[in-house]
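Student: Build me a model:
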Amino acid sequence: MSISWRSSLDVFARILRQRAFESDSVRDVDAAWDAFGEFLQIEVEGIERPENDGDGFIVEWGRWGWNDDQPALSFGRLLAVNEADDRDAPAWQPEYWKVELQLIFGEDPAWADVDSLGHQDTGFDYDEIGAPKIAALGEMRRFIESYPQLAAMWRAEPTHSGLTLEQAG
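Tutor: Sure thing, here's the model as predicted:
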């Protein structure tokens, strides 16, 4: 099964609902991660091919102004959309769109210094759908577990969440 990149937000929301969560009230990080993993295994139409970094994913964390500087953990899928009319122009670049599930947490001493980790994300991964992407998800999960602050956040219950599809800069 493949989907249009424009319907990616709706598909991720449907996967969350199948796990008994609305996108604005996800309360289980593991369940959200499993839903994200399932979402990453769906082929997307209208994007660059894997060898051109057309479909990537990232985990990010920190405190951001757009969520009132509350601690957050984010799962994002970056899509390099190639539907532009002037694709043959010398300076043509795909448009980048990001489907992002942001999990917001209350304050807790266990992750009070999450901004001091030196990292704010795992970096993008562009492995192909299937076993390579499953392996990359496992590596990212192990990376997160290697930081006590992130591991504690992962085991906590988010206070709220949000799912967006926005053009990435």
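
Student: can you tell me the helix or strand for the closest residue in space to L16 that isn't next to it in sequence?
Tutor: The shortest distance from L16 to any non-neighbouring residue, by C-beta to C-beta, 6 or more residues apart in numbering, is to A35 (5.1 Å). The way it works is simple: take the backbone N, C-alpha and C, and place the C-beta from them, glycine included. Secondary-structure assignment from DSSP states H and E places A35 in helix 29-40.

Student: on contacts alone, who are the packing partners of that helix?
Tutor: helix 8-18, strand 71-81, strand 95-104, helix 131-145, helix 148-155 (3 or more C-beta pairs under 8 Å, 6 or more residues apart in numbering; DSSP states H and E).

Student: May I see those arranged in CSV, with distance to I58 and mean neighbour count as well?
Tutor: Supplementary listing: those in CSV, determined by distance: least, C-beta to C-beta, whole Å; neighbours: other C-beta atoms under 10 Å:
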stretch, distance to I58, mean neighbour count
helix 8-18, 15, 17
strand 71-81, 5, 22
strand 95-104, 9, 20
helix 131-145, 8, 14
helix 148-155, 14, 17
